[in-house]
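Undergrad: Build the 3D model from these lines:
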Amino acid sequence: MAQPTSKSIRPLPWFWGVLLFWITIDQITKIWAHETLRPIQTQVVIDGYWNWTYIENTGVAFGFLQGHNTLLALFVLLLITLSYWVARDFDWRKKEVNLIGALILSGAIGNAIDRFRHGYVIDFVDWHYQGWHWPAFNVADSLICISVTWIIIRQIFPTKDKMILD
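TA: Now for the predicted structure:
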């Protein structure tokens with residue numbers, strides 16, 4: 001397959017719609033968790049497996065670096081800036097690049113909004129089994145994990161043209 005002769009340095013127009021959609025969903029679910037779960041802390045969804053549990057996470061993924069919010073907020077801004085700089089080399093004509101980019105950026109922005117607004121990130125999804133709990137998470141965390149997993153899988157198992165959604 002011939003290499004593209006030129007790359008677009010800007011995302012496709014629908015990138016912004018996907019980005020805004022997922023930031024909105026993330027923030028709505030966190031508002032719901034804050035308003036509904038904060039007073040009661042935990043609500044059982046499926047007994048023994050799944051709870052809604054309100055957590056104010058001042059750390060990063062899986063609660064690491066608790067209590068270093070200012071440093072983490074600055075680090076997130078640095079990552080977003082660095083990501084923008086690196087993304088200039090992406091071929092934004094490709095649908096997959098736009099989708100993965102929108103999802104991972106939605107997650108980063110969603111959690112950054114919380115960090116700047118509250119001083120912590122609201123987590124509320126609590127999966128557990130026989131006393132073992134997966135670290136609580138939220139929609140933004142899910143978007144980041146899905147995107148990173150997608151990128152890793154595409155690196156390990158590339159398709160012929162390297163992009164499946166063209």
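Undergrad: hey, where'd the strands end up in this protein?
TA: For the chain, the strands defined by DSSP state E cover 42-46, 50-57, 121-129, 132-133.
Undergrad: Can I get the ones you listed in TSV including mean neighbour count?
TA: No exception for glycine: its C-beta is placed from N, CA and C like everyone else's. Listed next are the strands of the chain as TSV, based on neighbours: other C-beta atoms under 10 Å:
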stretch	mean neighbour count
strand 42-46	12
strand 50-57	19
strand 121-129	20
strand 132-133	9
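Undergrad: need those in a markdown table with distance to Thr159 and mean pLDDT, can you?
TA: A markdown table is the format used below for the strands of the chain (distance: least, C-beta to C-beta, whole Å; pLDDT from 0 to 100):
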| stretch | distance to Thr159 | mean pLDDT |
| --- | --- | --- |
| strand 42-46 | 36 | 94 |
| strand 50-57 | 34 | 95 |
| strand 121-129 | 32 | 95 |
| strand 132-133 | 36 | 89 |
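Undergrad: okay, those in CSV with distance to Leu105 next?
TA: Formatted as CSV, those follow (distance: least, C-beta to C-beta, whole Å):
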stretch, distance to Leu105
strand 42-46, 29
strand 50-57, 20
strand 121-129, 16
strand 132-133, 29
